[in-house]
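My questions are about this predicted structure, shown below with the sequence.
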Amino acid sequence: MKKIFLIGWKDVTLAFRDRAALILMLAAPFALTLGLGFVTGRFSGSSNTGVSDIPVVLVNQDGGQIGNTLVNVFQSQELASLVVPTVLDNPALARQEVDADKAAAAIIIPAGFTASVISGAGTVPTQGPATTGEVVQLVLYTNPTRPTSVSVIKTILDGFVSQIEVGRVGGQVAVEQLLSHGLIQGQDAARIGGELGLRQANVAQSSKAIALKSVTGSGEAVKFDVLAYMAPGMALMFLMFTVSNGGRTLLAERSQGTLPRLLVSPTSASQVLGGKVFGIYLTGVAQVLILILASTLLFRLNWGDPLGVLVLVLAAVVGAVGWGLLITAVAKTPGLVSAVGSAVMLTFGILGGSFISLDNMPGWFRVLSKITPNAWGLDGFTTLGMGGSLANIWTPVLALLVMGAVLFTIAVLIFNRRGIMQQ
Amino acid sequence: MKKIIAIAWKDTILRFSGWAEWLFFLIMPIAFTVILAGGTGPLRDSRVRLVVVDQANSPLAVDFIATLGKSAAVRPEVLTLGKAEDQFAQRQVSAVLIIPAEFDLQHLEQGNVQLELRQQPNNMNALVAGRAVQAVISRVSSAVDIASSSVAEAEKIKPFASATARQAYFDAALKEAQTQMSAAPDRVTVAQGATKEQIEYDPRANSSAGQLITWVFIPLIGISAMFAYERQKGTLRRLLTTPTQKGTYLLGTIIGQVATALGQMLLLVGFGILVMRLNWGHSPAALGVMLLASTLAAAALGTMLGTFVKTEGQANGLSMMLGMVMALLGGCWYPSELFPEFVRTAIKILPTSWAMQGLLDIVLRGQGLSAIMLEAGVLLGFAAVFFVIGVWRFRYE
Amino acid sequence: MPAILEVHDLVKKYGDFAAVKGISFDIKEGESFSLLGPNGAGKTTTISVLSTLYAPTSGDALIGGHSVAKEPMAVRQFIGVVPQDLAIYDDLTAGENLSFWGQMYGLGGTALKTRIDEVLEQIGLADKANMRIKTYSGGMKRRVNIGVGLLHKPRLLFMDEPTVGIDPQSRRAILDSVQDLNRQGMTVLYTTHYMEEAQELSDRVGIIDHGELIALGTQAELTHQVGENDTLILRLGELENAAALAAAARSLPTVLKADVSDHAVTIIAPEAEDILAPAITKANEIGVKIRSVELQEPNLEAVFLHLTGRALRD
């Protein structure tokens, strides 16, 4: 047993002295996490979800009440941090701004918009003939390279149009009913309709009929911290590098001559393999723990229950080492292990959800991601980050341990068949 | 010159001497492009998946779900409570909307019906789903409000004879309101900026362009590893004892890799046009200029990096790290519009952000040669600076 | 015959350290010349400067009439170089390696193809030409390393310790091929720290130590410095009084010299056999235990020892 430990320790030392390996073991995940922090605005202290100060251009050719209100909405205090509105006279100029990528969208309110709404053009009346006339539409001219900003503008615009609709319909319905029940006279219809409409529109915002209760998994509202998802994702992805690099050194020792030398010393082949595996394992654990420590200190991340985190890390590395050994057993040369290892690292990164959330992926994709230690590990880390404890992460821990055990067994079988551990 | 071609050819054989290189050359770039684009066809729905549990089965609930289905942001999928909770627990879905059994008109009139929305924490899609649900709620509950205030207006003028009369009035108003609301005309028309045809916005274009840059930049920065390898092997030294100029060697190495990179880019662009039906080909001149400028900038960066690293291993690790970080920050993986303002400015020092801009100009905005001149110029500027530094610092052992 | 290589006071310094301290020698066309010296003597540096890899700090060399300092390109076309460490591409086949390097020397087309076939024959790898170098044994790799240097039919070939660390068979093959090349008219400058190689291969030998040429001439001329005399080396234990034994040996008749170095007494006398027994007797008399005895007839190692007091091989 002691020999296993000694061999393992030797490998850990070698791994941490290999400057080339350190780049991908520590520097890269750290740099990527840092980069992700920057691009998500985590470090600029802004609390919103990353989209703000959206430049939008408005052209109001309407001159009517509704057109003016729309412009006011965009210039209002409530939207002050979300949008940066500019008002122009010329629709062509507005479109140019969008084309030149200076604005996310241009909203063009054509002449006759208010009139079109009030006249009821395009709607289905309860009584009487359909109103003639075209529906005058707002034009939303969008910048295709800014989809999220555009959808925010769309949401605002849709909300506004909804309100108009509610106002119009509210007034209309009330008036028609009053008329049909004989409660008011025909000539008062328009006036009452207008008043009612306005009142309806103002109420529409704060409708109370249906309430929405938002609940998160743990029952409390957790602040949206994208880094809490990304940092473990990066650590797990580069863990895959470490384990395949460890496998590479196993094969490299063969050609270096140090492996055969070990085998002619009074050390059994299984002790040697055990030692190497132990070394790879320790290196992986050290790497992830270092990254966790660094991100806790520097990014003030809260990983959650320390015991849970430790157990999860130990389990995740088991799963990863299994893969590393399998890759090593299958590939024949150190060079191939390196190349395949990098490819696997990146593929698992994307499969396991380190880069994109898996929700929108088709079912088969989500099933496939279960083969990666990344997916299970991220699952566990997210649970812990949300306040879970050891008791909540048994599934991922078990899955990882089983993954490691199964892959290790297969790898050893292939090693024996290939005679890698013999002279 | 023949020697340049000989060197370029030698490097190409060396690079592709193992099948593994094809992984990074073609297989993974295509796979990642497809995955990050969320599919290859316009048929793929990129809206956020929202699981809905309908415990009411009332016309109101059905209506509600139908309205949700018309949303541009979410795609509702109805499941049982058990399945929904399972998927939520396994984090396979960002949000679950539970419509309780009391969700019908009667309870609605009495007010205070509550829907429950379960959202995954730290999840952008869950937030989007939440907003979309709120929007539909306003729409639906507005109808109820309209009916209620119609009743109130009537009562102001003359109180109702009985509760039944009141109820009838309410029902009529509600029906009318719902009819009117659903028959409301489209008041907004949406137009895409500066494209020749009306194309639906495509996250696939972003993915195609972004992955193109990522997977080409990494091996070009990896030119540093090639120099390190030849230095370590002693072949660089030996080359210098042949009657071959240093300049010839540098040119041959760089041209070889640039040519390979251009080939790779063209293959990926071809994939984008043929399989993903993206608009890459409308201005070959613009595309050609952008691809060339990008590869030169990356090759120059690799050359310069090669003068700072000692071993092949270090160079490989650094190329991958730098390539990924620069691609990420340059907006190749996530749209740069999501970045805060100061970051958007800061990343202008990266060649990847300029390359991304230029490529998007072409594939997304349908622009041509004149539009990308600035980006191409900046990239060539990067190339010039990096080359000068690299050549000046180049050591042969 | 004109000198194909003329070295004039060649100096090469790295910072303050002088690796080559002003050496001068000539090589005539068609000669086989060895530069012999222990590790670190400056052999590789000398060859590096002569192959125009480094510029000389001062002094110059003329190769085929071209100055190393001023006309490196012309020199490179003239010479062939076989470096000490392998400098070939593992992932290419032997054929591909030869093709590439041939093109670096300006060969091409059918001329190149013909040359490649010829060289492959010459190095005995014609049947393995399409396998990647990394599948070769060490000896085979060395042969390719040499083959690359021969492609463009150089008039002067530099070989820097080509047999270090390889199996005896391959070594034999290399030595044979060097002799073949020389017989065919190629001038060879061969560096080594193996005396036997220098002895076997060369017409003339230059002995280099600490950056200086301490001896230059044909083997006969050099060994003559040591004279017709033999060398008797008595190796003693660490605690023994070597100085006393040396002094006693000097008193023996016909002994010319008796030095002490590294717990050994080196005695130079016309016939070692004659003084062997008396020397051992002397040792017994003064109570010095001898561990081993070595008889050396005049050879280059003896010359080196004579000149520097140290052994050629560490």
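Received, thanks. Numbers count the residues shown, from 1 in each chain, chains lettered A, B, ... in the order given.

And the residue in chain A that chain B sits nearest to, how far from chain C?
Using CB to the nearest CB, the single residue of chain A nearest to chain B is A:Ala20, 3.0 Å away. Every residue, glycine included, has its C-beta placed from N, CA and C. Computed as CB to the nearest CB, to the nearest Å, the A:Ala20 to chain C distance reads 19 Å.

Report the separation between the residue nearest to that residue when sequence neighbours are not counted and A:Leu297.
Nearest residue to A:Ala20 in three dimensions, chain neighbours excluded: B:Gly313, at 3.0 Å (CB to CB, 6 or more residues apart in numbering or on different chains). According to CB to CB, to the nearest Å, B:Gly313 and A:Leu297 sit 29 Å apart.

go on, C:Ile214?
In terms of CB to CB, C:Ile214 sits 63 Å off from A:Leu297.

Can you name the element that comes right after the helix or strand hosting the residue nearest to A:Ala20?
Secondary structure from DSSP states H and E places B:Gly313 in helix B:312-329. Once helix B:312-329 ends, the next helix or strand along the chain (criterion: DSSP H and E) is helix B:341-346.

Pull out the buried residues from that following helix.
For helix B:341-346, the buried set under the neighbour-count rule, 16 or more other CB atoms under 10 Å in any protein chain shown, comprises B:Val343.

That helix packs against which elements?
helix A:28-39 (3 or more CB pairs under 8 Å, 6 or more residues apart in numbering or on different chains; DSSP states H and E).

and the angle for the helix it packs on with helix B:312-329?
Per axes from the mean of the first three to the mean of the last three CA atoms, to 10 degrees, the angle that helix A:28-39 makes with helix B:312-329 is 20 degrees.

Pull out the CA atoms of helix A:28-39 and give them to me as CSV.
The C-alpha trace of helix A:28-39 is given here as CSV (Å, rounded to 0.1, in the frame of the first residue of the first chain):
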residue,chain,number,x,y,z
ALA,A,28,-7.2,28.2,-18.2
PRO,A,29,-10.2,27.4,-16.0
PHE,A,30,-9.4,30.4,-14.0
ALA,A,31,-9.0,32.7,-17.0
LEU,A,32,-12.3,31.4,-18.5
THR,A,33,-14.2,31.9,-15.2
LEU,A,34,-12.7,35.4,-15.0
GLY,A,35,-13.7,36.1,-18.6
LEU,A,36,-17.2,34.8,-17.9
GLY,A,37,-17.4,37.0,-14.9
PHE,A,38,-16.6,40.0,-17.1
VAL,A,39,-18.9,39.3,-19.9
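
which outside residues touch it?
Helix A:28-39 is contacted from outside by A:42-43, A:226-227, A:230-231, A:234-235, A:237-238, A:241, A:291, A:294-295, A:299, B:317, B:320-321, B:324-325, B:328-329, B:334, B:336, B:338-340, B:343, B:346, using CB atoms under 8 Å, 6 or more residues apart in numbering or on different chains.

what are the ranges of the strands in chain A?
Counting by DSSP state E, one finds strands in chain A at the ranges A:54-60, A:83-88, A:105-109, A:138-142, A:210-216.

so of those, which one's packed in deepest?
strand A:105-109 (a mean of 26; mean count of other CB atoms under 10 Å in any protein chain shown).

Compare C:Ile214 and A:Leu297 (neighbour count), which wins?
C:Ile214 (16 against 9; other CB atoms under 10 Å in any protein chain shown).

For that one, which residues are in contact?
With CB under 8 Å, 6+ apart, C:Ile214 has these contacts: C:207-208, C:307-308.

rerun that using 7 Å as the cut-off
Residues in contact with C:Ile214, defined by CB atoms under 7 Å, 6 or more residues apart in numbering or on different chains, are C:207, C:307-308.

Also A:Pro334?
A:248, A:251-252.

how does it look with 10 Å?
A:245, A:247-256, A:328 (CB atoms under 10 Å, 6 or more residues apart in numbering or on different chains).

Can I get the buried part of those as one PyMOL selection?
Remark: buried members of these, expressed as a PyMOL selection using 16+ other CB under 10 Å:
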select buried, chain A and resi 245+247+248+249+250+251+252+253+254+328
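
Any chance of the contacts of A:Pro334 in JSON lines with distance to A:Leu79 and pLDDT as columns?
As requested, the contacts of A:Pro334 are exported to JSON lines (distance: CB to CB, whole Å; pLDDT from 0 to 100):
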{"residue": "A:Asn245", "distance to A:Leu79": "51", "pLDDT": "90"}
{"residue": "A:Gly247", "distance to A:Leu79": "55", "pLDDT": "90"}
{"residue": "A:Arg248", "distance to A:Leu79": "55", "pLDDT": "89"}
{"residue": "A:Thr249", "distance to A:Leu79": "58", "pLDDT": "86"}
{"residue": "A:Leu250", "distance to A:Leu79": "60", "pLDDT": "84"}
{"residue": "A:Leu251", "distance to A:Leu79": "61", "pLDDT": "85"}
{"residue": "A:Ala252", "distance to A:Leu79": "60", "pLDDT": "83"}
{"residue": "A:Glu253", "distance to A:Leu79": "64", "pLDDT": "78"}
{"residue": "A:Arg254", "distance to A:Leu79": "66", "pLDDT": "74"}
{"residue": "A:Ser255", "distance to A:Leu79": "66", "pLDDT": "71"}
{"residue": "A:Gln256", "distance to A:Leu79": "66", "pLDDT": "69"}
{"residue": "A:Thr328", "distance to A:Leu79": "57", "pLDDT": "91"}
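
so can I have JSON lines of the contacts of A:Pro334 showing distance to B:Ala132?
Formatted as JSON lines, the contacts of A:Pro334 follow (distance: CB to CB, whole Å):
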{"residue": "A:Asn245", "distance to B:Ala132": "45"}
{"residue": "A:Gly247", "distance to B:Ala132": "47"}
{"residue": "A:Arg248", "distance to B:Ala132": "48"}
{"residue": "A:Thr249", "distance to B:Ala132": "51"}
{"residue": "A:Leu250", "distance to B:Ala132": "52"}
{"residue": "A:Leu251", "distance to B:Ala132": "53"}
{"residue": "A:Ala252", "distance to B:Ala132": "54"}
{"residue": "A:Glu253", "distance to B:Ala132": "57"}
{"residue": "A:Arg254", "distance to B:Ala132": "58"}
{"residue": "A:Ser255", "distance to B:Ala132": "59"}
{"residue": "A:Gln256", "distance to B:Ala132": "60"}
{"residue": "A:Thr328", "distance to B:Ala132": "48"}
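
A:Glu134: how many residues sit nearby?
10.

How confident is the prediction for it, by pLDDT?
At A:Glu134, the pLDDT value in this model is 73.

My read is that it contacts B:Asp186, right?
No. Under the criterion of CB atoms under 10 Å, A:Glu134 makes no contact with B:Asp186, lying 11.9 Å away.

contacting residues for C:Gly40?
C:19, C:193, C:209-211, C:314.

Would you confirm that the residue nearest to A:Ala20 contacts A:Ser338?
Yes. Between B:Gly313 and A:Ser338 there is a contact under CB under 10 Å: 8.9 Å.
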